Each structure stands twice: as structure tokens, then as C-alpha cells.
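S.K.: just coords:
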């Protein structure tokens, strides 16, 4: 058994930023474990631009964004072990991992979970039809096209208007494929508005809202895909069938944080995010184990991942080198029905920072509105927004000074539209 | 000229090949698909039935109970996942309770050991997630679960290792009986001649028999659809949960699988033939509704895959096995509906007796039985260390959901029946069977296949020829 002060599981954007931040905050013995051959995670296949607008104030591609952090990491003494799969993490922070050099057990004083997420598949939404070739997730297609130089089809229907689906609509069009339709079961897209414009509208690709794929036809390879309009309960409406002759169906139907290791370690997960329940310092229910990035909750923008990971890196440094926060929760954050989740879910007592960041997502579109934080009786603070949509994560900073005024130990977050 | 030709390499064909490979007879197996176990065998409930369902006195009853008795030892020898987890048939009404009594009595007559009728409370003590509406159950401790494709593959591999010739992509297109009583079977891979033919072509058996110009039985292909739930639902029940047949059909089962998932299904719907394996919205919603009657807390949000299989059903309440009434030496192993998987080893024993009536079966001097597979995931820490030290490829995890290593994939590619497709690798080592359904590992499996087979990535099919995953290179015209 080897020992290390801090182990980081995953070398994507979250793991990279967490490692650099922990180092900058004084931790010297850091081990970063990455399952792929190179660092950067999913950014390496995201060759489009639009990354870094918030963090670097410039527009980078995914690999460029990753390269900036890889360069920062090179300036540190963080040890990187790639092509290595973590098989298990125990509740006393022992990591079991394998690579071609052997089987490794590492006892870490602190761990940052940064394993990212995976794509939901056809099974998750039970699409009827044949199980032929030509049905793949948008991310898998992105890897084939962008990293390996292979085409996945010539006439393509995309189910789901999440960002990866939108980006792939444009990408495959540029590679000469014909994208016949982008189909979204909800009445609104779950992707960023700028992607709808730049990836669908600019290429004349029709977006079918409130529609879903109800049949896949084809013996060996997809030959036809049938879509149908859905009612308010998302059930197909008979008689609304539209058939597309195509050879490929791409699925962009959501992302799921990859928390198998967290579950094995016994970390409590939040069923709303599918990620660990965390305090404002990204600490999970196991003291000294932190989580950040898409393993915690699915983000739209890598810039937010970076900020969150820096918080986790600094918190791990505080835990290791300064006073660990007590494992007690002073406040619980409750979201109203219009909000699907918040991260963090709870706050420590006596938070040293002036303000804590709270991420959340709305369940429906809001026009000009207020975000209210109350203690159940009194409004503690309010934030205004011109517009909010489920596809765009919201962030508010709660001034910690206000918390002292809160009665009880629950903070309620809700949204209300400002009547015109 | 061979002694025996076996048509079809599903579980029945493979069991026959394995059984006959012990003897000094020459055997050729002709399989239409590019892999073994690729029809009904790969898409069913994967249950080893106890044997209380079939009517006493039938071959199906005898072969079911005998197959169940043989299965554990067979699976141990061949290193095939098998678990004897027991089964419950649930009763929801007085009528169901009296049906349980009928099944119990049948079971006793069929020689099924240790059957018990339980009250609803007793059943829920064993299976706490059963519905409160359950008023009783028939408990059969000898029921089990198995991996049907791994069983088939294992039997076929041992048969091939012991000299059986397996020809893939060889569908039968013509059969004739020569004047000397031997048979000539025509396939795209050439003509094959043998003294005895065993027809184990599953749903195609009627059509294959028809190639002789006779109609000796009628099959009514029948599709069953399934959900396969994530391992997080894998312990929702600990045994196989059946329902009593009622006016809605034969009932839907809920069961753990040997791989740790939960299987839910099937419905029953008449279809045109073996190819009709698509899922339907109606079929799936029927399965869901029925399953929730047994286990109300099932979470279909955890579904990772739907599939459907086609049963070789027919009107008789027995298997259609025995010699053709018109062509001596041509034997039907047909109409192998449920519990055909359970009965397979016993059916093969019977088939060997058919062969023995035409060619003496003398045991081989050197028969090499048994098989061992390295499944990295199930090794202890020490064993993992040792296997990586021996071959570093066992330290490279390719399928992260199922923890399948490159070493296991390469070993499969060096096995007696190497896979040539992504699904072939999946059936052998489990890569792509997990919750991401190959999203991450399928490209890497393709890479390994391309490298080891010496063919381009684009040429690797998902399953049958024409099911290629990639359609070419990007920017092809500039290359």
C-alpha cells in the first residue's frame, strides 16, 4: 500500500483544475489518476469553440481549454498516472486501481472525485424498434468523428436537443452528412440558446419540439426512423407520425454523473443530481472526500466546472493543511418545485468566505423574474434575472453575513416571475 | 462424408455437438449466422426451470427435470455462470391458488424435488419486495438462472477443441437424401454430406425441413419482449418471480440475471418469423404493467436495454423431437419452446441415442472436457495482481461499467470460436453489457478487433454482415 496526501480521480477539466488549485493552496503530495491515455477528458473531443468565455474571457476550443490547464499542471509537482482505472474506493479512503504495471492500493488522506459523467442510452428511454447498427450516442459519434476520423453515417436524425446533440448536428453537416431533423421531447430545448442558433438555424436543420422517436426500422443498419408529436404527459399522439429515411440515429438524451465509485465508497447521493450531496466546500458525506465537475452535477459550461473544481481543490488543501470543517450541517437548502436541484445541498456553520456559490436549474422557462432566498418567513436576499431556462444553469452568491439573520436551519430558494 | 451434420448452433445444436464430441464420430455443425448462440438462444429469460409446468408423461416434462439436474455440473465443468436461486409462482386470487395446486401436483409427478406452497406472508418473508396482493406462491428451490449464450459458446468451444467442425455463415439452402440414404446439405459455404442430420435450426426448423419437400410440423413463431434493468435493481428480488398464466397470457417474470442485472418480461405475440425481433411500444408497456403487479417497487428508470426474442412455438404441448416420418436419418430437434434452454443437455443426450441407432458411438480415447475463462472482475486482489504480472493487458480496463480488460478480449479472440463482431465480443466477455451500453468501450473494442483481425475499423460489424458501425473516414475525398 502506498500513501498520498491527496488523490484526484479523473484528469478532465474538473480534476485538472482541482489539482492545480490544491497545489497552489499548499498541498505538495498530489496524485492524479486518469483512465484515458491523455489528460483533458471529454474536452479533447470537443473541437468546437466557445469554451473559456467566462474564465479566460476568450473563445477557445475544448482541447485548447484543456491544454491551458495541462500547462498549469506541468508547473506543479502533481504526479499524473494515466491509462489507469480506479476499481474501488473504500470508506476509509483506500483507492484500488489497475494499469498495465499492476494492481495498486493507495491510502489517501483526502480524495477529490472528478470522474465526469456518461450519456443516457436508448435503453434509458426504451425506444421501440430493431436493434440494428447506426444507433449511437452523440458523444460516441463525436469521439469517432473528431478524434478518430471516422464517419458514423450519411443521413442522420438526432434525438435530443442537448448541447452535444446540437454541436454534432453542425459537426456532421460540416463533414458532409445530411442532418434531417433534431427531435426534442420537451416543449423547449435543453441546450444553450446560442447552440440552437449556431448549430441548427444556421444550417437549416429543423427542430421538432414536443416530438420523440417512436420506431426504428432496419434489419442490419437503420433504414428509417419514425417520430411522433407528444402530449403534455410526453405520450405519443397517434396520427402525428413523420418518417425519415436515414441511416443513423444519434441520441443526445441526457447525461448521468458517473458515481459508481462514490456509491461503493458509501457516499450519500442526491437523487435529483445523481451526484454526491455536498457542502459549500464540495465536501461529501465522507469527511475529506470532495467532488466537483460533472460527477457532482451536469454542467453546461466548462468555465463553471473550473470554478467549482478550484473550490474543491482549495477545500481539500484547507482540510489537509488547516482546520477541517466540522462534519455538521448548519443549513439545508431546499428548492421549490420550479427548481430541479441545488448544489450545494447544505452549508457548514461558520463559513469563512464572504459568500457561497449556489448552482441550480429551473424546471421551466422563466421570463423576467426574481430568485428569492428565504428562511421560510423572511426574504434574506433576492436576485433578478431577465430570463431563465432549464438548459442554462443558474448561479447565485449568497452573502454569508445574511445567514446569521436566518431563523431555523433551512434556506428556501424559489423563483417568481415579475408580472408585466 | 461425415457421420453427423448438425444444422444450427444455438443451445440445442451446441449441446448436441458437445455431447457427440465425446465419441469417435465425425460431426459438422452448419450455422447460418456469423456466430453461435445468435438466435432464440441469446434472447430469452435465461431461466433453468424446475419442471412443474409441463404435463406429466410428456417428453418435455422428462427432459426439463433431467436438464435441470444436469445443468449445475455442466456449468461448473464449462465455467459458465449458473445460480440455483429458486423460483416462486405467484397467486393473486383464489383461482390462482388452485392453479398453484395443479402445478404442485404436476411437479410432484414430474419428479421436481422440494416443491412447497407458501402463503402470501411466507412468500414476502423470502421476497420482501413482492406485492401485498400476493396471496400465495409455489416455491421451487431447484429453479435457477444461467447465461444461455455463454453456455452455448462453452459447449461449442469444447466440441470444436475435440474435433467437431463448425462452419459459420452457412445457412442451409437445399437438402436431399441420396440413394444410399445419406444426406447432402447445400450451403453458400459448399455442400456437406452425412449419414445423419440433426435439425436444430430453432424458429427456422419448419422451413429447413421443408427443403426436403415435406411438411411434418408447423411452428408458430412467437415474440417475447424484455427489459434489462441496471445492477442497482439487481437485488430487487432474489429468486425468479413468475405469475400464474391468466386471460392476459402466460405471465411476466422478474428475475436476477447471472450477471447481476434484473430481467423483466416477456409478453407473447405471434410474429412472422425469426427476424421479427423488434421491440414494440405496446409490448413493452404490457410487460411493465404486468411486472409491477408482482413487484410494485420496480424502477424502470433503471432500464439499460430492451430486447426481444422469438420462440419456436407450436400447437403441441411437447417438443417436436424424433426421426422424420419420411426421411430415415433426418432427426427433428424442433419446437424447442420454453423450457428448451433447461432441457438442452437432456435433449442432446436423446439426440446422441438417435445417432447411435445409425452409427456406433464409441467413446474417444482422448476427450478433453472442461473450460476455464479468466473473468478479471471476479478475481481476488491477489489473483488480479498475478494475472496482470503474467499479461499486462489484464491491467487495461476497456469496459468500465463491467470491468472487462483488454486481456480478456484478446483471450476471446484467441479462443476456438473467435468473435468477429462487437456483439460477439460482448457475448464472450461482457464488454458493452453494462449501464453505458458500449458508449465508451465500443470504439475501443472495434480498435482491438481491427488490430487482431488485421482489418480496417470501418469493416467491423455490430452483428451480422451489413451492420457496420462506421460508414467511412471523414474527408474521404481528400485522403
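M.R.: The structure has been received and is ready for your questions. All values derive from a computational prediction rather than experimental measurement.
S.K.: residue B:290 reaches residue B:254, doesn't it?
M.R.: No: look at residue B:290 against residue B:254 with CB atoms under 8 Å: they stay out of range, at 9.5 Å. C-betas here are computed from N, CA, C, even on glycine.
S.K.: between those two, who's got more neighbours?
M.R.: Using other CB atoms under 10 Å in any protein chain shown, the more surrounded residue of residue B:290 and residue B:254 is residue B:254, with 30 against 21.
S.K.: skipping adjacent residues, who's closest to that one in space?
M.R.: residue B:241 (4.5 Å; CB to CB, 6 or more residues apart in numbering or on different chains).
S.K.: check which helix or strand covers that neighbour.
M.R.: strand B:240-243 (DSSP states H and E).
S.K.: and the contacts of that strand?
M.R.: Strand B:240-243 is contacted from outside by B:47, B:85-90, B:92, B:127, B:130, B:143, B:145, B:251-255, B:290, B:293-295, using CB atoms under 8 Å, 6 or more residues apart in numbering or on different chains.
S.K.: need the contact list for residue A:79.
M.R.: A:30, A:31, A:32.
S.K.: 6 Å - rerun?
M.R.: residue A:31 (CB atoms under 6 Å, 6 or more residues apart in numbering or on different chains).
S.K.: filter the contacts of strand B:240-243 down to just the ones in strands.
M.R.: The strands, defined by DSSP state E, take in B:47, B:87, B:88, B:89, B:90, B:145, B:253, B:254, B:255 from those.
S.K.: any idea which of those is the one closest to residue A:77?
M.R.: Within the ones in strands among the contacts of strand B:240-243, distances to residue A:77 taken as CB to CB reach their minimum at residue B:145, with 51.5 Å.
S.K.: wait, the closest one touches residue B:83, no?
M.R.: Yes: using CB atoms under 6 Å as the test, residue B:145 is close enough to residue B:83 to be in contact (5.3 Å).
S.K.: out of the contacts of strand B:240-243, which are buried?
M.R.: Among the contacts of strand B:240-243, those buried by neighbour count (16 or more other CB atoms under 10 Å in any protein chain shown) are B:47, B:85-90, B:92, B:127, B:130, B:143, B:145, B:251-255, B:290, B:293-295.
S.K.: report the beta-bridge partners for residue B:322.
M.R.: With DSSP bridges as the criterion, residue B:322 is bridged to residue B:332.
S.K.: buried residues of the particular helix or strand that has residue B:69 in it, list them for me.
M.R.: Taking DSSP H and E as the definition, one finds residue B:69 inside helix B:59-78. Buried residues in helix B:59-78, counting neighbours by 16+ other CB under 10 Å, are found at B:59-72, B:74-75, B:78.
S.K.: quick check: which helices or strands does it pack against?
M.R.: helix B:340-356 (3 or more CB pairs under 6 Å, 6 or more residues apart in numbering or on different chains; DSSP states H and E).
S.K.: buried residues in the helix or strand just after the helix it packs on?
M.R.: Using DSSP H and E, the helix or strand that directly follows helix B:340-356 along the chain is helix B:381-390. Across helix B:381-390, burial judged by 16+ other CB under 10 Å covers B:384, B:385, B:387, B:388.
S.K.: and for stretch B:20-27?
M.R.: Neighbour counts over stretch B:20-27 (16+ other CB under 10 Å) mark B:20, B:21, B:22, B:23, B:25, B:26, B:27 as buried.
S.K.: closest to chain A among those residues?
M.R.: Chain A lies nearest to residue B:27 out of those, by CB to the nearest CB, at 30.4 Å.
S.K.: hmm, the closest one is touching residue B:16, no?
M.R.: No: between residue B:27 and residue B:16 there is no contact under CB under 6 Å: 8.3 Å.
S.K.: now for the buried residues of helix B:381-390: which two are most distant?
M.R.: The widest separation within those (CB to CB) is 7.6 Å, between B:385 and B:387.
S.K.: per-domain residue ranges of the chain.
M.R.: Using chain A. The record's domain parsing of chain A by automatic domain parsing lists A:1-119+A:255-327, A:121-253, A:328-420.
S.K.: that's the wrong chain, I meant chain B
M.R.: As given by automatic domain parsing, the domain ranges for chain B are B:1-82+B:145-219+B:312-372, B:87-141+B:220-309, B:376-472.
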